[in-house]
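Trainee: Generate coordinates for the sequence data below:
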Amino acid sequence: MNERMKLHLALMQLNNLSSLLKGNQYESFLYGKLIGIEVELRRQLSLLKLTKANDSSTIQETKAN
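Mentor: Alright, predicted model coming up:
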């Protein structure tokens, strides 16, 4: 399993947690903690996408030369 898949699965688990926490007495507090994790996972995912895009363009430039 690659890193990108792991990040996607982690985001899915966060969505599951959000659903499970609905109606919890401490829902707002717990959501506040989950938001930071979600932002970090999305940041890492976007970095992976950027890295992959940069790697692809570098490979294409190398082939052209």
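Trainee: okay, CA-based contacts and neighbour counts for the rest of this
Mentor: Will do.
Trainee: So which elements touch the helix or strand bottoming out on mean pLDDT in the chain?
Mentor: Ranked by mean pLDDT, DSSP states H and E, the weakest helix or strand in the chain is helix 27-64, scoring a mean of 83. In terms of contacts (3 or more Cα pairs under 8 Å, 6 or more residues apart in numbering; DSSP states H and E), helix 27-64 is packed against helix 3-21.
Trainee: What residues sit buried inside the helix it packs on?
Mentor: R4, L7, A10, L11, L14 (16 or more other Cα atoms under 10 Å).
Trainee: ok, those residues vs L30, which is closest?
Mentor: L14 (11.3 Å; Cα to Cα).
Trainee: Now do the same contact list for that closest one.
Mentor: Shown in contact with L14 (Cα atoms under 8 Å, 6 or more residues apart in numbering): L34, E38.
Trainee: How about H8?
Mentor: L45 are the contacts of H8 under Cα under 8 Å, 6+ apart.
Trainee: pLDDT score assigned to it?
Mentor: H8 carries a pLDDT value of 97.
Trainee: same question, L14
Mentor: So, for L14, pLDDT stands at 97.
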